[in-house]
Each structure stands twice: as C-alpha cells, then as structure tokens.
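J.: heads up, no residue letters with this:
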DNA sequence: GCAGATCGTCTGTCAGACAACATATATTAC
DNA sequence: GTAATATATGTTGTCTGACAGACGATCTGC
C-alpha cells in the first residue's frame, strides 16, 4: 500500500539522475538534455514538424520552445523553414552541422544512459525502457489525438506538396 | 539504436505527467508533490531522519529542503526535533495533524497515479513500478553508501539512546 | 470582407535550483 | 585545553525555466 506510493519518488530520482548524466554528456549544447531531445526528435521524424507539434510531442510549453529553438538556431544546429502552404508555421529541420553534432552526441548519451541502472541487469533495464516508452506513448494518445494523428496527417499533407524546398 | 534514446523522452513525459496529476491531487499542500513525498517518507521511516538524510534520499538540494520544511512546519504538518546527542542536526517527524493529512492525501495520490497509464495493462503497470523502484534504489547505492548505511546506523544509534522524548 | 481560431513571439512574473557565505556544533590533532 | 578542521543547517543573492497574457500574422468558414 504505502510502498506503491514510492513510485513518484522512483520516477523523480531517476529523472533527475538522467538529467544530470545527460547534461554532462552533451557538454556545451544549448539547453542540455532538452536541446538533445529536440535534435534527436528532428532526426527521427521523416517530416519537419512545426513548433506546435514538437512542443506537444515533448510536453513542453510553446513559449519555452521559442527561445530554445532560438539558441539552437544561433548555434547553427537547426533551422526554421517557412511552410509553403501555411505561412504562420515554421517547420524545424536539422542543419548539416546539426546532424553531425547529433551523431556525436548520440554516442555520448547512449553511453551515459547505459550507466544509469547499476541496480538492474541488462534484461531488466531493457524491459524498463520498453515499459516506459509504451507508458509515455499511451499518455500521448490519452492527451487528445495529437501525436500519431497530427504526425501522420502532416506526413500525408507533405507528400502532396510540390517538391519545392 | 536511435529508438533507445527515446528513453529520456519517455522518462520526462511521464515525470511531468505525474507531477501534474499529483499537484492537482494534493491541492493546497505546501510545495505540492514534493511536500507529499516528504510527508510520505517521514511516515514510512521508523526513525526520524535528519534533513541531510532526507535531502539525500529525495535527491533534492539541502538549501531547498530548508524552506520546504519551513513551510510544512508553518502549516503544522511536520516538526523539527533537536537530537539529544548532536545538537547540530534536526530530526524531522510528522505531527498528529501531518499524519491525518497524509492519510487523506495517500488516497488521493494513489487514485491519481492509477490513471497515469492509459496505455498499459494492470500487470504491465505493476511491472513498471517495480522496475522503477529497483532502478532508483540501485542508483542510491551507487551514489556512495549513503542510503542504507546511514539509515541503518541511525536506527542502531537511536536504539542505544535513552528512551527520552 | 468579417469573425473566430491558430501559430509563433514577446513581456512580465514567479518558483525552484544552486553557489557562496554565515553560524553552531562536533571531532581531531597537538 | 586550544586550535584547526569537518559537519549540519540556515541565509542571501543570482540565474534559469515555467507559464499566463497579450500581440501580430495568418488561416478557415461564412
């Protein structure tokens, strides 16, 4: 009973530990772990997302994302591209320098994360990762039909779009 | 490979979701989720911990704990007790009002947490909790021999102590 | 063309994180 | 016993991040 409520404690301790490890791993990258997550997400999605889509996916505030992207753009790692069909939105994409930087960072971060579970065997660590990702994905769906649907529709939209840059 | 690195994303999304849910569940409790974790920890340990022990256990800064405890004490939920053998330390304990409040809060928080995993079945949710708690406990041991050892030695110390209040 | 919604930005405010210093007490070396 | 050092806590000041609210630009439906 009471022990069930240690769940929040475990989540918090683990999250702060992850933040600390990744902050160290990414070095001078603007906004540390958050900056890394943005680069990593941009590389993983086949279609450049808008800022609203990205802020929803990462569960951070729109107004925060504005200045985080500012700093990543100033560092030359991402760029805001105008959308041909909706001039309100900015679609975010990695620059070549951003891709190179990310390739380096991914190795460092993976290494840092691999040291995060001294108390767990390899199989348990893998199971934990899988469950966490499924839980987080489930949350997104419950949140409103944002994630899958917006991404899919955005991809479909873009497929129809003339191949202009 | 790249998908492995969604681990940080999942952890962050889940943690923020937990914070939001528990913040709402505990209402006007000083410092929200953090305040709850402190009350819950104090109720779970058989021996009143010092502030240093508690800050280590919860992985929060000493100086933060100072004013958090201030506010909980002002609300009449916890009290700082002098230690008979070391007058530098303050041992933290729930007041009677704190115990009553916690009993109520535990129900609310458990309910809020039960809605956290719309994407997971009951067995998977239980497995996730177990793995998270083991991972967090493992971290603590790796951290230096703080947790188990200090708690155990504190308990032993206290056992020798004259039964005075 | 107009009303209302949406996207990104900007501004101001507030809480939390954290370093640096201060104070009281304990421990150790001599 | 005294001085030097270490520890526990408290205090202050600073910095970052979160977030509400307002704004201009733009899209959509009518």
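T.: Nice, thanks for sending it over. Values in this document were obtained by computation on a predicted structure and should not be read as measured data. Residues are numbered from 1 along each chain as shown, chains lettered A, B, ... in the order given.
J.: switch to C-alpha atoms for all contacts and neighbour counts from now on
T.: Fine.
J.: from what I can see residue A:91 touches residue A:52, true?
T.: No - with contact defined as CA atoms under 8 Å, residue A:91 does not count as touching residue A:52 (9.5 Å).
J.: which element follows the host helix or strand of residue A:36 toward the C-terminus?
T.: Take DSSP states H and E as the rule and residue A:36 turns out to sit in helix A:32-44. On the C-terminal side of helix A:32-44, the nearest following helix or strand under DSSP H and E is helix A:51-58.
J.: near DNA strand C, anything from that following helix?
T.: Yes - counting by CA under 7 Å from any atom of the strand, DNA strand C has neighbours in helix A:51-58: A:51, A:52, A:53.
J.: Out of those, which is nearest to chain B?
T.: The closest of the residues of helix A:51-58 next to DNA strand C to chain B turns out to be residue A:53 (CA to the nearest CA; 14.6 Å).
J.: So, low pLDDT: which residues of chain A?
T.: By pLDDT under 70, the weakly predicted segments of chain A are A:1-4, A:140-165.
J.: give the contact list for the residue positioned nearest the centre of it.
T.: Closest residue to the average C-alpha location of chain A: residue A:37 at 3.5 Å, with CA atoms, centre = their mean. Residue A:37 makes contact with B:8, B:9, according to CA atoms under 8 Å, 6 or more residues apart in numbering or on different chains.
J.: Distance of it relative to DNA strand D?
T.: 13 Å (CA to the nearest atom of the strand, to the nearest Å).
J.: Next up, phi/psi of the closest residue to residue A:82 other than its chain neighbours, please.
T.: Excluding the flanking residues, the one nearest residue A:82 by CA to CA, 6 or more residues apart in numbering or on different chains is residue A:90, at 5.1 Å. Dihedral pair for residue A:90: phi -120, psi 130, per degrees, to the nearest 10.
J.: Now tabulate the residues of helix A:51-58 next to DNA strand C in JSON lines and tack on neighbour count and distance to residue A:74.
T.: Below are these laid out as JSON lines (neighbours: other CA atoms under 10 Å in any protein chain shown; distance: CA to CA, whole Å):
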{"residue": "A:51", "neighbour count": "19", "distance to residue A:74": "16"}
{"residue": "A:52", "neighbour count": "17", "distance to residue A:74": "20"}
{"residue": "A:53", "neighbour count": "18", "distance to residue A:74": "21"}
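J.: and whichever strand or helix holds residue A:127, which residues are buried?
T.: Take DSSP H and E as the rule and residue A:127 turns out to sit in helix A:122-142. By 16 or more other CA atoms under 10 Å in any protein chain shown, the buried positions in helix A:122-142 come out as A:125, A:128-140.
J.: Now do the same contact list for residue A:66.
T.: residue A:51.
J.: Quickly note the distance from it to residue A:91.
T.: 12 Å (CA to CA, to the nearest Å).
J.: now do residue A:10
T.: 36 Å.
J.: Likewise for residue A:77?
T.: Between residue A:77 and residue A:91 the computed distance is 14 Å (CA to CA).
J.: More neighbours: these two, which one.
T.: Using other CA atoms under 10 Å in any protein chain shown, the more surrounded residue of residue A:77 and residue A:91 is residue A:77, with 23 against 18.
J.: Backbone dihedrals for the more buried one, both of them.
T.: According to degrees, to the nearest 10, residue A:77 has phi -100, psi -30.
J.: What helix or strand is the closest residue to it other than its chain neighbours located in?
T.: Using CA to CA, 6+ apart and skipping residues adjacent in sequence, the residue nearest residue A:77 is residue A:98, 3.9 Å away. Using DSSP H and E, residue A:98 sits in helix A:96-114.
J.: Identify the residues contacting that helix?
T.: Contacts for helix A:96-114 (CA under 8 Å, 6+ apart): A:18, A:21-22, A:25-26, A:36, A:39-40, A:43, A:76-78, B:2, B:4-5.
J.: List the buried residues for that helix?
T.: A:98, A:99, A:101, A:102, A:105, A:106, A:108, A:109, A:110, A:112, A:113.
J.: and the angle from that helix to helix A:122-142?
T.: Between helix A:96-114 and helix A:122-142, the angle comes out at 120 degrees (axes from the mean of the first three to the mean of the last three CA atoms, to 10 degrees).
J.: about what we covered before: overlap in contacts of residue A:66 and residue A:91?
T.: residue A:51.
J.: Tell me how far the nearest residue to residue A:7 once chain neighbours are set aside lies from DNA strand D.
T.: For residue A:7, ignoring the flanking residues on the chain, the nearest one in space by CA to CA, 6+ apart is residue B:129 at 6.0 Å. Residue B:129 is 24 Å from DNA strand D, where distance means CA to the nearest atom of the strand.
J.: now swap in residue A:48 and tell me
T.: From residue A:48 to DNA strand D the distance is 17 Å (CA to the nearest atom of the strand).
J.: Looks like that residue contacts residue A:93 (just checking).
T.: Yes - using CA under 8 Å, residue A:48 is in contact with residue A:93, at 5.5 Å.
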